[in-house]
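Participant: how does the following fold in three dimensions:
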Amino acid sequence: MRHATTIALIALSLLSVVPAASAVAQTAQLSPAPLVAPPAPGDVDLTASRVHVFVGKTGLGHNHAVSGLLQTGRIVLGAADQAGTLVFDMRSFAADTAEARKALGLPGETDASTQKQVQANMTGPDVLDVARHPTATFQIRSALSSKQQVQGRPPVYELIGAFTLHGVTREVMIPVEVEQRGEWLRLRGMFVIKQTDFGMKPYKKLGGVVGVTDELRINGDLLVRATPPGGGFVAPPAGGLGR
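Facilitator: Numbering: from 1, shown residues only. Model prediction:
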């Protein structure tokens, strides 16, 4: 009799647990997925934005094209102070991809073996040294309309601030053309740096018979969430957008 009573109590306890477990599962299924915050004015679209770097040749070397991504980004056009920050993911930079060569107008393709060698040289300790410096940063102090505007071209803004690469910081000014793309602004600009100014050694071999130039030409093509009216972005003249 005692044995039968024990079995009955166990059965009752299991019956009471099953509905509770079912309720927990149902609650989990009904819980809404976490909301993803929409981009705020000034936020950079990290997926669509690209950085391309042209590396010229010396001697019997070859011109190279490099592409990379941003880790984080924010630009507030029209701001005279604290206009944003761009953080470059140096580990994402890839040498001589088909996309990079096309973007910079370089003909032909690079074979896989050569591409692998160039990539190793670029990311190694003598140049980018991505193991020690996985990011580069552009701290934008101001992003004001340039006094140098070209008739018939999109408006130009000047991004002025401190660019830190390979652990070295230099002052730079990047002029960018701005075009409206619906709720986004497309910013395209280019600036030039010297590798040696940032403590890097331009690649050379065979006593300099093969190598690359000290000068790097850095091109940015960024999508930035448009600032709402009165928020800092100065509307360009009529006819200057949507080209």
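
Participant: tell me the first helix or strand C-terminal of the lowest-mean-pLDDT helix or strand in the chain.
Facilitator: When the helices and strands of the chain are scored by mean pLDDT, DSSP states H and E, helix 2-30 comes last with a mean of 47. Following helix 2-30 in sequence order, the next helix or strand is strand 50-59 (DSSP states H and E).

Participant: list the helices and strands that following strand packs on?
Facilitator: Counting contacts by 3 or more Cβ pairs under 8 Å, 6 or more residues apart in numbering; DSSP states H and E, strand 50-59 is packed against strand 64-75, strand 84-95, helix 98-103, strand 210-225. Just so you know, the C-beta spots here come from the backbone N, C-alpha and C atoms, and that holds for glycine as well.

Participant: and these as JSON lines, adding mean pLDDT?
Facilitator: Output for the helices and strands packed on strand 50-59, formatted as JSON lines (pLDDT from 0 to 100):
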{"stretch": "strand 64-75", "mean pLDDT": "97"}
{"stretch": "strand 84-95", "mean pLDDT": "97"}
{"stretch": "helix 98-103", "mean pLDDT": "95"}
{"stretch": "strand 210-225", "mean pLDDT": "94"}
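
Participant: okay if I get these as JSON lines plus mean neighbour count?
Facilitator: Listed next are the helices and strands packed on strand 50-59 as JSON lines, based on neighbours: other Cβ atoms under 10 Å:
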{"stretch": "strand 64-75", "mean neighbour count": "21"}
{"stretch": "strand 84-95", "mean neighbour count": "19"}
{"stretch": "helix 98-103", "mean neighbour count": "17"}
{"stretch": "strand 210-225", "mean neighbour count": "19"}
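
Participant: make JSON lines out of the ones you listed and add distance to Pro38.
Facilitator: Shown next, in JSON lines, are these (distance: least, Cβ to Cβ, whole Å):
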{"stretch": "strand 64-75", "distance to Pro38": "14"}
{"stretch": "strand 84-95", "distance to Pro38": "18"}
{"stretch": "helix 98-103", "distance to Pro38": "28"}
{"stretch": "strand 210-225", "distance to Pro38": "9"}
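
Participant: closest to Ala48 out of those?
Facilitator: Counting by Cβ to Cβ, Ala48 lies closest to strand 210-225 out of these; the figure is 4.7 Å.

Participant: now that closest one and strand 84-95, what's the angle there?
Facilitator: Between the axes of strand 210-225 and strand 84-95, defined by axes from the mean of the first three to the mean of the last three Cα atoms, to 10 degrees, the angle is 140 degrees.

Participant: quick one, strand 210-225 and strand 64-75 angle?
Facilitator: Using the same axes, to 10 degrees, strand 210-225 lies at 30 degrees relative to strand 64-75.
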